[in-house]
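# fold the stuff below for me.
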Amino acid sequence: MTPGPRNLITDIAGLKVGNARDDALKSGVTVLTADRPFVAAVHVMGGAPGTRDTDMLAPDRLVQEVDALVLSGGSAFGLDAASGVMAGLRAAGRGFDVGGALVPLVPGAIIFDLLNGGDKTWDDNPYPALGRAAYVAADTDFALGTEGAGTGATIAGLKGGLGSASVILPGGLRVGALVAMNAVGGATVGDGPHFWAAPFEIGDEFGGRGPAPAHDATALPATKHGPAARANTTIAIVATDAALSQAQATRMAIAAHDGMARAILPSHTPFDGDLVFAAATGEKPLGDPVGEPALLGHAAALCLSRAIARAVYLATSAPGDPFPTWQDRFA
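The predicted structure is shown next:
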């Protein structure tokens with residue numbers, strides 16, 4: 001397997017990602033959209049999720065496709081970022097046609113970043129405007145690290161961030177991942193620079209340090225302490241250009257959680273709302289309706305592990321940060 005040309009989720013034709021951030025707020029929004037509606041699904045494994053309109057993504061629901069997916073900071077306030085995305089889509093003439101009325105379908109999820117040192121004394125909720133700005137900015141190229149929904153993200157002892165990665169499978173199908181990494185746990189082994197995701201790194205996409213030379217796998221992993229101890233949740237999107245049903249996309253989202261567990265220790269805790277959306281553009285039919293979905297799930301997990309490490313590796317420092325970046329400590 002090799003990465004796509006950008007090593008971003010937008011290596012899947014038709015997908016676009018937009019970021020918007022507020023540096024004073026230390027928060028932001030990331031939107032994934034496409035040239036046309038796409039199949040979407042979701043699976044939640046964290047104990048404290050924050051979501052909007054995810055019930056529609058069950059395979060037995062009426063609507064099988066959506067117009068965009070939103071990852072946002074801001075805890076429950078950030079759920080309103082989807083309203084701004086809906087406004088942008090409606091202005092573009094997008095949405096589910098209900099008797100002539102267009103209703104854009106925009107599920108979303110949030111991370112908790114309210115205790116990261118940013119100015120949270122707003123009078124009017126800033127997230128609808130950030131959501132619309134992220135939608136307007138959507139393109140095939142986008143920035144990682146301290147950007148979008150990862151602007152104010154933190155993990156155990158370090159800043160988190162926004163990450164992405166992609167892979168091209170031997171048969172030509174493509175898979176990508178996009179993640180806002182904001183976990184109670186850590187992405188690195190002990191106090192060192194080596195990422196838990198190191199066995200899955202391709203090239204030097206997050207430093208090329210390789211696996212930690214030696215560590216006690218039974219030792220308690222690093223976690224956040226103090227006021228930030230419950231300021232968590234990692235939310236992600238995995239996507240493919242394969243033609244999947246909503247049930248098959250759900251299985252891909254479930255499998256992708258393995259990538260989260262390999263890259264974050266601990267993951268899926270009671271304090272995290274760990275969630276994975278899956279998206280399928282349907283550009284390429286499945287050659288093997290049994291074997292290829294299994295391979296897509298495996299590839300989604302690999303991409304998510306790599307995206308998580310890239311989010312931390314590419315984070316940049318800003319005034320008032322509660323934690324240093326990986327680059328500050330180890331570069």
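
# longest strand of this protein?
The single longest strand within the chain, with elements called by DSSP state E, is strand 27-44.

# where along the stretch 101-250 of the chain do the helices fall?
For the stretch 101-250 of the chain, the helices defined by DSSP state H, counting those that start in this stretch cover 127-136, 246-263.

# and the longest strand of the chain with helix 246-263, angle?
Angle, strand 27-44 to helix 246-263, by axes from the mean of the first three to the mean of the last three C-alpha atoms, to 10 degrees: 110 degrees.

# strand 27-44 pairs with which strands, and in what direction?
strand 15-22 (antiparallel), strand 65-72 (antiparallel), strand 275-284 (antiparallel) (DSSP bridges).

# in that strand, which residues are buried?
For strand 27-44, a neighbour-count test (16 or more other C-beta atoms under 10 Å) marks 27-34, 37-44 as buried. For the C-beta atoms, the positions are set from N, CA and C on the backbone; glycine is no exception.

# next secondary structure after it?
strand 51-52 (DSSP states H and E).

# so Asp53 sits right up against Val85, yeah?
No: taking contacts as C-beta atoms under 8 Å, Asp53 lies outside contact range of Val85: 11.2 Å.

# looks like Trp196 contacts Arg262 (just checking).
Yes: at 6.5 Å, Trp196 counts as touching Arg262 under the criterion of C-beta under 8 Å.

# out of these two, name the residue with the larger neighbour count.
Per other C-beta atoms under 10 Å, whichever of Trp196 and Arg262 has more neighbours is Trp196, with 24 against 18.

# identify the residue nearest Ala138 in space, chain neighbours excluded?
When the adjacent residues along the chain are set aside, Ala138 lies closest to Gly18, with 3.4 Å between them (C-beta to C-beta, 6 or more residues apart in numbering).

# quick revisit: closest to Gly190 out of the strands paired with strand 27-44?
strand 275-284 (26.7 Å; C-beta to C-beta).

# buried residues of the closest one, list them for me.
Quick answer for strand 275-284 (16+ other C-beta under 10 Å): 275-282, 284.

# equivalent analysis for stretch 178-194, please.
Buried, per 16+ other C-beta under 10 Å, within stretch 178-194: 178-189, 193-194.

# helix or strand: which one has the nearest residue to Phe200 once chain neighbours are set aside?
Nearest non-adjacent residue to Phe200, counting by C-beta to C-beta, 6+ apart: Ser305, 4.7 Å away. Secondary structure assignment for Ser305, by DSSP H and E: helix 291-313.

# helices and strands around that helix, which ones?
strand 161-168, strand 174-181, strand 235-242, helix 246-263, helix 326-330 (3 or more C-beta pairs under 8 Å, 6 or more residues apart in numbering; DSSP states H and E).

# I'd say the residue nearest to Ala138 and Ala143 touch.
No: between Gly18 and Ala143 there is no contact under C-beta under 8 Å: 10.5 Å.

# what's the distance between Ala91 and Gly186?
For Ala91, the distance to Gly186 equals 42 Å [C-beta to C-beta, to the nearest Å].

# same deal with Ala318?
Distance from Ala318 to Gly186, counting by C-beta to C-beta: 20 Å.

# also Arg94?
Distance from Arg94 to Gly186, by C-beta to C-beta: 40 Å.

# now Ala239
The value you get for Ala239 to Gly186, if C-beta to C-beta is used, is 26 Å.
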